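Student: Quick one, what's the 3D model for this:
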Amino acid sequence: MPDVRGFELAAWVPLIVLIVLLGLWPKALLLLTTPAVQAILGTP
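Tutor: Just a heads-up that it's a prediction; the model follows:
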């Protein structure tokens, strides 16, 4: 019996990749969220 099954690996790999990519290039996420945050805060 392996420690990690196929479906568990399929669930974890995309999450780990996103965590690493957003850790290296956080500006990609910030560009997506900035307009929504500004709208909520009411700042231009």
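
Student: Please count neighbours and contacts with C-alpha atoms only from this point.
Tutor: OK.

Student: Contacts made by the longest helix along the chain with the rest, please.
Tutor: Longest helix in the chain by number of residues (criterion: DSSP state H): helix 6-24. Contact partners of helix 6-24, identified using CA atoms under 8 Å, 6 or more residues apart in numbering, comprise 28, 29.

Student: where's the residue nearest the centre of the chain relative to residue 12, distance?
Tutor: Nearest to the mean C-alpha position of the chain, by CA atoms, centre = their mean, lies residue 18 at 4.6 Å. Computed as CA to CA, to the nearest Å, the residue 18 to residue 12 distance reads 10 Å.

Student: quick one: low-confidence parts of this structure?
Tutor: 1 (pLDDT under 70).

Student: roughly how far apart are the residue nearest to the centre of the chain and residue 39?
Tutor: For residue 18 relative to residue 39 (CA to CA), the value is 26 Å.

Student: what do you get for residue 15?
Tutor: 28 Å.

Student: returning to that earlier point: now find how far off-centre the longest helix of the chain is within its chain.
Tutor: Counting by CA atoms, centre = their mean, to the nearest Å, helix 6-24 is centred 9 Å from the centre of its parent chain.

Student: What are the buried residues along the helix or strand following it?
Tutor: Proceeding N to C from helix 6-24, the next assigned helix or strand is helix 26-41, under DSSP states H and E. Residues of helix 26-41 include none that count as buried (16 or more other CA atoms under 10 Å).

Student: Pull the number of nearby residues for residue 22.
Tutor: 14 (other CA atoms under 10 Å).

Student: can you check the one 3 residues further on too?
Tutor: By the measure other CA under 10 Å, the count of residues near residue 25 is 11.

Student: How much space separates it from residue 31?
Tutor: Distance of residue 25 to residue 31, computed by CA to CA: 11 Å.
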